[in-house]
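Colleague: structure for the following, please:
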Amino acid sequence: MENPHCDNETLEGDIASLELLNEALEKSRNESAASIESVREEFKTQVTRLEGRLTSSINELQRSLREQVRNAVSSRSSLETRINTYKRTLTSSLSSLRSEVSRKHPKERYVYCPSSYTRNPHSKTCIRHFELSKTWSEAKQYCEARGEYLATFETLESSVWFVNLRKTDSAWSSGYEIWVGGQYVSGKWRWRGKTNALADTVYWGRGEPTGRGEYCVSSYEHADYGFNNDECHHRHYFVCEKTR
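Modeller: As a prediction, this is how the structure comes out:
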């Protein structure tokens with residue numbers, strides 16, 4: 001028969017061992033909790049430090065960007081000022097250069113005429129022959145109603161050019177007499193166009209002008225297409241002049 005006393009001792013030893021194990025486990029759990037808490041605190045500390053550094057870096061970056069933007073705006077404003085100054089200087093220089101070139105090398109402005117007109121290279125005008133039979137006054141009124149003038153040739157070069165045009169250009173060399181804008185007024189021949197200038201350089205035909213009350217100027221084949229004076233009430237074709 002087993003000894004009861006021996007069994008009790010064994011049981012007490014087991015209980016003591018369990019208590020020791022429990023104490024060890026409790027100690028280990030407490031140490032683990034402390035370690036975890038220590039790690040957690042360290043993590044929080046590192047996060048706080050990182051947030052501080054990030055905030056500082058962001059603030060510095062923002063300051064740097066603002067400074068760069070200010071510098072860029074300032075540089076752009078300065079650049080625009082320099083560009084505008086350069087433009088004004090260049091424009092002024094070009095204007096002065098054009099004026100100097102025009103002064104030293106004057107050049108006539110080229111005149112472009114409608115297809116039904118002929119360009120007069122000596123007067124910056126365009127002329128057109130109208131095959132309508134009218135008196136000198138009627139022809140003058142007809143041209144002016146169109147915003148034009150009965151054609152005038154106020155320089156010798158212009159007169160010679162028109163005479164040669166009538167001689168050589170088939171569109172102008174018909175045998176018809178045609179009115180131009182010259183008229184005898186107060187003892188003087190004048191071009192009665194836009195300027196009412198004295199007609200002192202008229203390229204008269206042979207033997208012209210004659211008398212007999214012929215106070216208006218025409219261009220006529222029998223005068224070798226030079227200018228001729230005729231009675232103003234006669235009816236002829238005529239030439240209108242458009243200024244450009």
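Colleague: my read is Glu241 is in a helix, agree?
Modeller: No: secondary structure assignment places Glu241 outside any helix; it is strand (DSSP: H, G, I helix; E, B strand; the rest coil).
Colleague: residue contacts, the closest residue to it other than its chain neighbours?
Modeller: Distances taken as CB to CB, 6 or more residues apart in numbering put Ala151 closest to Glu241, at 4.0 Å, once the chain neighbours are dropped. C-beta coordinates here come from the backbone N, C-alpha and C atoms, glycine included. Contacts were defined as CB atoms under 8 Å, 6 or more residues apart in numbering; by that measure Ala151 touches 125, 127, 143, 162, 180-181, 193, 238-241.
Colleague: helices or strands up against the longest helix seen in the chain?
Modeller: For the chain, the helix with the greatest residue count under DSSP state H is helix 4-104. In terms of contacts (3 or more CB pairs under 8 Å, 6 or more residues apart in numbering; DSSP states H and E), helix 4-104 is packed against no helix or strand at all.
Colleague: which is the next helix or strand following it?
Modeller: Using DSSP states H and E, the helix or strand that follows helix 4-104 towards the C-terminus is strand 118-120.
Colleague: what helices or strands is the helix or strand following that following strand leaning on?
Modeller: Later in the chain than strand 118-120, the nearest helix or strand by DSSP H and E is strand 125-134. Contact analysis of strand 125-134 by 3+ CB pairs under 8 Å, 6+ apart lists strand 118-120, helix 136-145, strand 236-243 as its packing neighbours.
Colleague: could you redo the last one with a cut-off of 10 Å?
Modeller: Under the contact criterion of 3 or more CB pairs under 10 Å, 6 or more residues apart in numbering; DSSP states H and E, strand 125-134 touches strand 118-120, helix 136-145, helix 156-168, strand 178-185, strand 236-243.
Colleague: chain center to the next helix or strand after the second one, what's the gap?
Modeller: I take that to be helix 136-145. Using DSSP H and E, the helix or strand that follows helix 136-145 in sequence is strand 149-150. A distance of 37 Å separates the C-alpha centroid of strand 149-150 from that of its chain, computed with CA atoms, centre = their mean, to the nearest Å.
Colleague: again with stretch 215-235
Modeller: Mean C-alpha position of stretch 215-235 versus that of the full chain (CA atoms, centre = their mean) differs by 50 Å.
Colleague: for that stretch, buried residues please.
Modeller: 215-221, 223, 225-230, 232 (16 or more other CB atoms under 10 Å).
Colleague: where is pLDDT lowest across these?
Modeller: Per-residue confidence over the buried residues of stretch 215-235 reaches its minimum at Ala223, where pLDDT is 65.
Colleague: what helix or strand does the closest residue to Leu156 other than its chain neighbours sit in?
Modeller: Leaving out its chain neighbours, the residue that sits closest to Leu156 by CB to CB, 6+ apart is Thr201, at 4.2 Å. In this assignment (DSSP H and E), Thr201 forms part of neither any helix nor any strand.
Colleague: touching stretch 14-24 from outside, list them.
Modeller: Stretch 14-24 is contacted by no other residue when judged by CB atoms under 10 Å, 6 or more residues apart in numbering.
Colleague: that stretch: how far from the chain's middle?
Modeller: 102 Å.
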